[in-house]
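S.K.: Quick one, fold the following:
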Amino acid sequence: MGTLDPRYKADQEGEDDRAPQPTYHREPDAGALFVLKSKGSWWHSGYHLTTSIVAPPLLSLPSAFASLGWVAGVLFLVIGALVTFYSYNLLSLVLEHHAKLGHRHLRFRDMANDILGPRWGRYCVGPIQFMVCYGAVVGCTLLGGQCMKAIYLLSNPDGNMKLYEFVIIFGGLMLVLAQIPSFHSLRHINMVSLVLCLAYSACATAASIYIGCSSKGPKRDYSLSSNSETRVFGIFNAMAIIATTFGNGIIPEIQATLAPPVKGKMFKGLCVCYAVVTVTFFSVAISGYWAFGNLAKGLILSNFVDDGKPLVPKWFILMTNTFTILQLSAVAVVYLQPTNEVLERTFADPMSSEFSARNVVPRAISRSISVIIATSIAAMLPFFGDINAVIGAFGFMPLDFVLPVIFFNLTFKPPMRSPIFWLNATIAVVFSILGVIAAVAAVRQISLDAKTYQLFANIQS
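M.R.: Numbers count the residues shown, from 1 in each chain. I've put the predicted structure just below:
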């Protein structure tokens, strides 16, 4: 359990002088000391939150709308925004409450250990979070390689470089960025990342409107599949896409980067993040679906090229893909932090300096191996998007929709007759059911696409 570290004693000051002030002792924790440094402001938390949520997977929202239609698409997007903002705020309140009592939880598994019990933290929540975060790193690496290949083919249509080669190139960039020592050290990168996500979202929106208003675009058709089975499973797949797009999974780790006292800072950071969410998610989803209807592809950027011919100026597509690649690198580094924390805790010596040879050498080796493994998986399994849908259903649904409301009810124990108790219980039950159904739909999609699976396949998008 992550109890109070000596550097967090100031967290008690000014928050509640009447709160109990127990003393906790624990062994020095290199993961907390070196990776989860508590030095950030609420602005920094806003940058971290925005990078972890407003990522290039939002460019898949038009394809989700293609399975849902206008009304259901907008409705589920609104529900996703409201429920995740609410859940993340509840999670932050629980973290603040425990910090006030002398238990500042730095990791998701710390919360699960304290609230649900050690077995839940060790064998359930911890592995799920690791799977989700590392899966996000693999997914970002693959998507980065695909965007690089799109630029290459646009510049050299007859080029013969394979997708896995671009994945390896992107992995080389990740190899360098992974050595940034702490989560707090990413604050400036994530500030740039916030600007980049606004930039490529604006480009995607502008391109969709341009194509939709020109004669170059396809004939728009908003009808849903006539096959009832395909339509039903498509709806659940689309819901999984939306849920995964809003997914985070590292709220405690982000809150751990805040300098004490932490009260109220995450709420401000969430407001910054969801202002960006509102602008980007809705503009891309609505404009992309309006322009391409049920022909919207898994990544809306792919719709900007028709049979090798760009539908918007070539330089515009190059610029949009470049913005996307740069932000993908920031997103991947953010989701590496839980892995980095585990590696640091295992191999680093908290009694030595953070930048001593004793710590720098194992840090460089372990993080490099972590990135090489993620890059190898992305290169070998270019159909990882299907697998990621399963990870999202089993991972993002419980971490971001179910556990926060359960943690809140168990921590604050609202009366069973109170509206907040039943609201939280309803969210937990509904999204648990949706998670199971979405997982079934994702597994079905894998079985349908299995015939195209091949190691190191040269997939276009």
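
S.K.: Only alpha carbons, please: show the helix or strand of the chain with the lowest mean pLDDT as CSV.
M.R.: Lowest mean confidence among the helices and strands of the chain (mean pLDDT, DSSP states H and E): helix 384-396, at a mean of 75. What follows is helix 384-396, C-alpha atoms only, in CSV (Å, rounded to 0.1, in the frame of the first residue of the first chain):
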residue,chain,number,x,y,z
PHE,A,384,-3.4,-4.9,-33.0
GLY,A,385,-6.4,-2.6,-33.3
ASP,A,386,-8.7,-5.7,-33.0
ILE,A,387,-6.8,-6.9,-29.9
ASN,A,388,-6.8,-3.4,-28.4
ALA,A,389,-10.6,-3.4,-28.6
VAL,A,390,-10.6,-6.4,-26.3
ILE,A,391,-8.1,-4.7,-24.0
GLY,A,392,-10.3,-1.6,-23.9
ALA,A,393,-13.4,-3.6,-23.1
PHE,A,394,-11.7,-5.6,-20.3
GLY,A,395,-9.5,-2.7,-19.2
PHE,A,396,-10.8,0.9,-19.8
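
S.K.: please renumber so the chain begins at 20
M.R.: Done: numbering now begins at 20, and the last item shifts to helix 403-415.

S.K.: what's the helix or strand just after that helix packed up against?
M.R.: Following helix 403-415 in sequence order, the next helix or strand is helix 422-431 (DSSP states H and E). Using 3 or more Cβ pairs under 8 Å, 6 or more residues apart in numbering; DSSP states H and E as the contact test, the elements touching helix 422-431 are helix 80-119, helix 127-134, helix 438-468. C-betas here are computed from N, CA, C, even on glycine.

S.K.: So what touches the least confident helix or strand of the chain?
M.R.: With contact meaning Cβ atoms under 8 Å, 6 or more residues apart in numbering, helix 403-415 is reached by 147-148, 150-151, 154-155, 157-158, 161, 256, 259-260, 262-263, 265-268, 317, 396-397, 400, 454-455, 457-458, 460-462, 464-465, 468.

S.K.: Going by neighbour count, which of these are buried?
M.R.: Among the contacts of helix 403-415, those buried by neighbour count (16 or more other Cβ atoms under 10 Å) are 147-148, 151, 154-155, 157-158, 161, 256, 259-260, 262-263, 265-268, 317, 396-397, 400, 454, 457-458, 460-461, 464.

S.K.: ok so, going back, among the helices and strands packed on helix 422-431, which is nearest residue 357?
M.R.: Minimum separation from residue 357 across those (Cβ to Cβ) falls at helix 127-134, 8.0 Å.

S.K.: Distance from the chain centre to the helix or strand following the closest one, please.
M.R.: The helix or strand immediately downstream of helix 127-134 is helix 137-139, counting by DSSP H and E. Remark: helix 137-139 is offset 24 Å from the chain centroid, using Cα atoms, centre = their mean, to the nearest Å.

S.K.: can you give me the mean pLDDT across helix 137-139?
M.R.: Taken as a whole, helix 137-139 carries a mean pLDDT of 89.

S.K.: residues of the helix or strand following that helix that come out buried?
M.R.: Per DSSP H and E, helix 137-139 leads on to helix 145-174 as the next helix or strand towards the C-terminus. Applying a neighbour-count criterion of 16+ other Cβ under 10 Å, one finds 145, 147-149, 151-171, 173 buried in helix 145-174.

S.K.: Stretch 133-149 too?
M.R.: Buried residues in stretch 133-149 (16+ other Cβ under 10 Å): 133, 134, 135, 139, 140, 143, 144, 145, 147, 148, 149.

S.K.: So for these, which is the shakiest by pLDDT?
M.R.: residue 140 (85).

S.K.: need the helices for the stretch 270-419 of the chain, in chain order.
M.R.: Listed from the start of the chain, the stretch 270-419 of the chain has helices (DSSP state H, counting those that start in this stretch) covering 270-275, 284-311, 333-366, 376-399, 403-415.

S.K.: can you tell which of those helices is closest to residue 427?
M.R.: Taking those one by one with Cβ to Cβ, helix 270-275 is closest: 12.6 Å.
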